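Colleague: need the 3D shape of this:
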Amino acid sequence: MKTLNILWQRLVTPEGATCERCGGTQAAIARVIPKLQEALRPLGIEPVLEAREIALDAFKGMPSESNRIWIGGRSIEDWLSASVGTSTCCSACGGAACRTLEVGAETFEAIPEALILKAALLAASASLSPLTDAAPAPRVRKPGCCGDA
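Modeller: As a prediction, the model looks like this:
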């Protein structure tokens, strides 16, 4: 069975806390994984989630890396033709300018289930492309067709 790798990383303080937006994304991912398992099983694809923690010291140097998702090796913003912004976050982040996801005219601090699901389905679909999986199918020429003169 093929795997669809989903990587999500977020800040985790020494006390084990995270911010509300990362908590919201975590809840959305928890709801998405079973739905993806059910939807992708008939296609021979298994979603595999890896959750990485960013330590507070590392976070301070790169707050935009927290609450970031990659699916099938590409960022969620790539799959969704979205852009990344920032907004001030809460206590666990120390008021840092944390990552937001901008899709069309909407800005999301926590990444909603529907966006994660859409990006994952796009990634799964791309993994099924005959151009990436196998050699091209042989051409079959029918008598009397296209140049058999």
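
Colleague: using the three-state scheme, assign residue 95.
Modeller: When classified by DSSP: H, G, I helix; E, B strand; the rest coil, residue 95 comes out as coil.

Colleague: my guess is it contacts residue 86, does it?
Modeller: No: using Cβ atoms under 8 Å, residue 95 is not in contact with residue 86; the gap is 11.9 Å. From N, CA and C alone the C-beta is placed, and that goes for glycine too.

Colleague: residues making contact with the lengthiest helix in the chain?
Modeller: Using DSSP state H to define each element, the chain has its longest helix at helix 20-40. With Cβ atoms under 8 Å, 6 or more residues apart in numbering as the test, helix 20-40 has contacts from 4, 6, 8, 10-11, 18, 46-47, 49, 51, 66-67, 69, 89-90, 92, 98, 109-113, 116-117, 120-121, 124.

Colleague: picking up where we left off before, more neighbours, residue 95 and residue 86?
Modeller: More crowded of residue 95 and residue 86, by other Cβ atoms under 10 Å: residue 86, with 14 against 9.

Colleague: surely the more buried one meets residue 98?
Modeller: Yes: counting by Cβ under 8 Å, residue 86 does reach residue 98; the two are 6.3 Å apart.

Colleague: now list the buried members of the contacts of helix 20-40.
Modeller: Among the contacts of helix 20-40, the ones that count as buried by 16 or more other Cβ atoms under 10 Å are 4, 6, 8, 10-11, 18, 47, 66-67, 69, 89, 92, 98, 109-113, 116-117, 120-121, 124.

Colleague: centroid-nearest residue for this structure?
Modeller: Residue closest to the mean C-alpha point of the chain, counted by Cα atoms, centre = their mean, is residue 71 at 3.6 Å.

Colleague: returning to that earlier point: mind listing which of the buried ones among the contacts of helix 20-40 are in helices?
Modeller: Secondary structure from DSSP H places 113, 116-117, 120-121, 124 of the buried ones among the contacts of helix 20-40 in helices.

Colleague: in a markdown table: those residues, plus distance to residue 23 and pLDDT.
Modeller: Putting those into a markdown table (distance: Cβ to Cβ, whole Å; pLDDT from 0 to 100) gives the following:
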| residue | distance to residue 23 | pLDDT |
| --- | --- | --- |
| 113 | 14 | 98 |
| 116 | 15 | 98 |
| 117 | 19 | 98 |
| 120 | 20 | 98 |
| 121 | 24 | 97 |
| 124 | 26 | 96 |
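
Colleague: perfect, I'm done here.
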